[in-house]
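Asks: Fold the following and give me the result.
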Amino acid sequence: MKALKFLIPLSLISLLYNVIILLSVTLNLDWVRTRAAGGQYTTFPIGIRFVDFLMAIFMVFLMGMLWNHRVNPMDSKGPTVTRIVGYTFFVSMFFQLISRSANERWNAIPALIIGITFILLSRREQATRK
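Replies: The predicted structure follows:
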């Protein structure tokens, strides 16, 4: 799929953006307050900060997975996992679009890019198995 050659670099940038947002929440930085958790906090609770730290680690894992599978085939569970990840980002995009924070709504664009990339990656893998 030719689209993946264009989407994979965009997804890696989008995942890096997510890592920056998540680590900024973890560190409770001022600039991210309107871009995360609905923009409702003046200081992020420790629970949100901890969960966002774990999510940042997961985003780094997804970056590695995406980089590894940009060309290399996946194992038998790979297409299912990538499809689940793709749909999860579509759900995330929906919730970001309905956020009260205008700044957080912009996060829907990277989520859409990542979701489409993982769905197309899943379809590519399924097509090569037939």
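Asks: Please make it C-alpha for all contacts and neighbour counts, starting now.
Replies: OK.
Asks: residue ranges with poor pLDDT in this structure?
Replies: The chain contains residues with pLDDT under 70 at 1, 129-130.
Asks: Now do the helices in the chain.
Replies: 2-26, 46-68, 78-97, 102-105, 108-129 (DSSP state H).
Asks: From the contact counts, what lies against the longest one?
Replies: Under the contact definition 3 or more Cα pairs under 8 Å, 6 or more residues apart in numbering; DSSP states H and E, helix 2-26 sits against helix 46-68, helix 108-129.
Asks: of those helices, which approaches K2 most closely?
Replies: Proximity to K2, assessed across the helices and strands packed on helix 2-26 by Cα to Cα, is greatest for helix 108-129 (10.3 Å).
Asks: list the buried ones in the closest one?
Replies: Of all the residues in helix 108-129, those buried under the rule 16 or more other Cα atoms under 10 Å are 108, 110-123, 125.
Asks: one step back: and the helices and strands packed on helix 2-26: which comes nearest F95?
Replies: helix 108-129 (8.3 Å).
Asks: ok, residues contacting that closest one?
Replies: Here helix 108-129 makes contact (Cα atoms under 8 Å, 6 or more residues apart in numbering) with 1, 4, 7-8, 10-11, 14-15, 17, 73-74, 78-80, 82-83, 85-90, 92-94, 96-97.
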